[in-house]
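Q: just the structure for this:
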Amino acid sequence: MAGPISSGAGVTATHNPGTRYGPALALLASLFFMWGFITVINNTLLPHLRSVFELSYTQTTLIESVWFIAYFVASIPSAKLIERVGYQKSLVIGLLVMAAGALGMTVAASIPSYGVTLVMLFVIASGITLLQVAANPYVAIVGKPETASSRLNLVQAMNSAGTMLAPLFGAYLILGRSKGGTAQGDVVLTQAERLADAQSVILPYVIVAAVLAVLAIVIARFPLPAMGNATQRHSKEERKNYSLWNHRNLVFGIPAIFIYLIAEIGVANLFVNFVSQPDIANLTHEQAGRYLTFLWGGMMIGRFAGSAIMQKFDAGHVLAAFSIGAFIVMLVTVFTTGPVAMWSLILVGLFHSIMFPTIFTLGIKGLGPLTEEGSGLLIMAIAGGSLVIVQGWLADHYGLQTSFLLTAICELYILFYALWGSKTTHALPDQQVAAE
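A: Model prediction:
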């Protein structure tokens with residue numbers, strides 16, 4: 001008979017009191033840091049590329065849409081690769097794919113080419129997808145099941161540390177070294193200036209590629225603990241008795257991740273353009289990029305705080321409180337101007353902080369041996385970030401500030417999920433067996 005299934009992580013317990021998970025989690029935290037760092041470089045890259053290629057808001061957000069389409073395309077192949085070669089080798093492959101894409105960005109900058117830029121960003125995002133499919137369930141499962149949400153929030157705080165530092169890196173090495181980044185307001189660049197600005201991204205991406213290659217070597221040589229039987233796949237015959245769709249928390253969790261990403265990415269991608277407007281803060285793109293650090297810094301603080309809070313309070317209730325806070329500050333952003341609008345948009349980072357890791361752990365709760373497949377579907381839902389192009393369209397047609405009403409609507413679905421959609425239904429046969 002199978003062992004008892006915890007209500008925390010929702011998997012057959014793999015925690016071994018004799019195993020030290022700290023070093024492995026610390027190393028995995030560096031992966032969370034790196035993919036957060038690289039993802040948020042896009043937030044300073046987008047206004048830069050908008051100047052270089054003279055893009056509309058719709059074309060600018062298409063860049064980010066391509067990035068998140070990679071999550072949809074690469075999630076299932078990533079899960080199959082993990083099944084074939086294992087978690088550790090998959091992490092190494094993911095890092096090397098990202099490094100190759102970063103080097104490809106230097107080629108795109110040398111040409112320069114909008115099309116090649118889109119392809120290389122897709123490659124980088126595909127590597128990150130592989131890391132996400134492997135690392136998120138690993139962190140949730142390895143260790144005490146009852147602290148899964150707290151543990152994933154803690155390592156996701158390192159992801160936020162990367163997102164906090166990336167704007168400074170991007171503002172200094174990309175926007176600060178370009179004509180479009182240091183000019184006041186939108187400017188029309190000459191052909192020579194566009195070429196020079198495009199090439200300013202070469203050095204940052206060479207640095208990123210080198211760091212990723214070193215990290216791949218470290219991961220390849222590190223003795224990661226085995227995941228045990230927590231995600232062991234059942235035979236085809238046995239799987240006839242199992243259905244992921246009997247789990248309300250997963251069924252509503254997939255759109256919760258999808259919708260949350262629309263909110264997070266929309267805020268982050270349009271932040272620089274928003275606070276640069278004359279009636280908001282009237283900053284250069286370089287200056288606005290520095291303020292983006294506060295947005296991601298709030299997310300890091302929120303995740304550290306959330307990790308501690310969830311040691312004592314129900315994760316669903318904490319998620320509900322944070323979603324209400326996010327809804328309120330987004331309304332303030334839409335209906336005010338000046339510093340109030342800017343700081344309210346910055347504050348949403350604090351309220352967004354716990355959403356992804358908490359939705360993820362609530363979504364896989366109670367899945368038992370189907371945790372791996374449920375995790376893959378939740379990671380695939382990160383493709384919701386691709387719909388940021390909808391907010392770009394709204395910004396073009398109704399105004400940038402008004403477009404943030406879409407974000408406020410997204411927060412309401414997260415509230416629904418926290419209060420009702422995340423409740424488990426406990427439908428797996430293994431859970432019936434565990435009670436015997």
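Q: please make it C-alpha for all contacts and neighbour counts, starting now.
A: Noted.
Q: any chance you could list what contacts the helix or strand residue 377 falls within?
A: Element membership for residue 377, per DSSP states H and E: helix 371-380. Taking contacts as Cα atoms under 8 Å, 6 or more residues apart in numbering, the residues outside helix 371-380 that touch it are 10-11, 71-76, 79, 129, 132-133, 136-137, 230-231, 244, 250, 253-254, 257, 360, 363-364, 367.
Q: and those, which of them are buried?
A: Neighbour-count burial within the contacts of helix 371-380 applies to 10-11, 71-72, 74-76, 79, 129, 132-133, 136-137, 230-231, 244, 250, 253-254, 257, 360, 363-364, 367; the criterion is 16 or more other Cα atoms under 10 Å.
Q: from those, which land in strands?
A: Using DSSP state E, no member of the buried ones among the contacts of helix 371-380 falls in strands.
Q: restrict the helix holding residue 377 to CA atoms and write it as CSV.
A: Once side chains and other backbone atoms are set aside, the C-alpha atoms of helix 371-380 remain, and they are given as CSV (Å, rounded to 0.1, in the frame of the first residue of the first chain):
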residue,chain,number,x,y,z
THR,A,371,2.0,16.0,-9.2
GLU,A,372,4.6,16.0,-12.0
GLU,A,373,1.9,16.3,-14.7
GLY,A,374,-0.1,18.9,-12.8
SER,A,375,3.1,20.9,-12.3
GLY,A,376,3.7,20.8,-16.0
LEU,A,377,0.3,22.2,-16.7
LEU,A,378,0.8,25.0,-14.2
ILE,A,379,4.1,25.9,-15.7
MET,A,380,2.5,25.9,-19.2
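Q: now the element after it, going C-ward?
A: Past helix 371-380, heading to the C-terminal end, the next element that is a helix or strand (DSSP H and E) is helix 388-398.
Q: the longest helix in the protein is where?
A: Using DSSP state H to assign secondary structure, the helix with the most residues in the chain is helix 22-53.
Q: what helices or strands is that helix leaning on?
A: Applying 3 or more Cα pairs under 8 Å, 6 or more residues apart in numbering; DSSP states H and E, one finds that helix 22-53 contacts helix 57-85, helix 114-141, helix 148-173, helix 179-182, helix 191-199, helix 202-221, helix 248-275.
Q: quick one: distance of that helix to the chain centre.
A: A distance of 9 Å separates the C-alpha centroid of helix 22-53 from that of its chain, computed with Cα atoms, centre = their mean, to the nearest Å.
Q: over to stretch 352-371?
A: Distance of stretch 352-371 from the chain centroid (Cα atoms, centre = their mean) equals 14 Å.
Q: now residue 200: how far from residue 206?
A: 11 Å (Cα to Cα, to the nearest Å).
Q: repeat that for residue 150.
A: For residue 150, the distance to residue 206 (Cα to Cα) stands at 35 Å.
Q: more neighbours: which of the two?
A: When residue 150 is set against residue 206 and neighbours are counted by other Cα atoms under 10 Å, the residue ahead is residue 150, at 26 against 16.
Q: okay, now the domains of this structure?
A: Described in terms of the TED database, the domain architecture of the chain consists of the residue ranges 21-225, 244-420.
Q: next, count neighbours for the spatially closest residue to residue 391 that is not a sequence neighbour.
A: Distances taken as Cα to Cα, 6 or more residues apart in numbering put residue 403 closest to residue 391, at 5.7 Å, once the chain neighbours are dropped. Neighbouring residues of residue 403 were enumerated by other Cα under 10 Å; the total is 22.
Q: how close does residue 403 get to residue 322?
A: Shown here: residue 403 relative to residue 322, a distance of 21 Å by Cα to Cα.
Q: and residue 263, by the same measure?
A: Taken as Cα to Cα, the span from residue 263 to residue 322 is 14 Å.
Q: residue 388 now?
A: Computed with Cα to Cα, the distance linking residue 388 and residue 322 is 22 Å.
Q: check residue 423 too.
A: Relative to residue 322, and taking Cα to Cα, residue 423 is found at 18 Å.
Q: which one of those two has more residues nearby?
A: Neighbours were counted for residue 423 and for residue 322 using other Cα under 10 Å; residue 322 has more, 24 against 18.
Q: per-residue confidence for that one?
A: For residue 322, the model assigns a pLDDT of 97.
Q: how about residues contacting the helix or strand where it lies?
A: Here residue 322 sits within helix 315-335, counting by DSSP H and E. Around helix 315-335, the neighbours that count as contacts under Cα under 8 Å, 6+ apart are 149, 306, 309-310, 340-342, 344-345, 347-348, 351-352, 354-355, 358, 362, 401-402, 404-405, 407-409, 411-412, 414-416, 418-419, 422.
Q: and that helix, which residues are buried?
A: So helix 315-335, judged by 16+ other Cα under 10 Å, has buried residues 315-316, 318-320, 322-327, 329-334.
Q: with stretch 209-229 instead?
A: 209, 212-213, 215-216, 219, 224, 227.
Q: and the two most separated of those?
A: For those, the maximum inter-member distance is 29.0 Å, found between 209 and 227 (Cα to Cα).
Q: need the contact list for residue 418.
A: Residues touching residue 418, when contacts are defined by Cα under 8 Å, 6+ apart, comprise 316-317, 319-320.
Q: re earlier: I'd like the buried residues of stretch 209-229 written out as a markdown table, with pLDDT added.
A: Putting these into a markdown table (pLDDT from 0 to 100) gives the following:
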| residue | pLDDT |
| --- | --- |
| 209 | 93 |
| 212 | 94 |
| 213 | 95 |
| 215 | 93 |
| 216 | 95 |
| 219 | 91 |
| 224 | 79 |
| 227 | 59 |
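Q: dump those residues into TSV; add distance to residue 59 as well.
A: As requested, the buried residues of stretch 209-229 are exported to TSV (distance: Cα to Cα, whole Å):
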residue	distance to residue 59
209	26
212	29
213	31
215	33
216	33
219	37
224	42
227	42
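Q: just give me the closest of those residues to residue 289.
A: Checking these against residue 289 with Cα to Cα, the nearest one is residue 209 at 22.2 Å.
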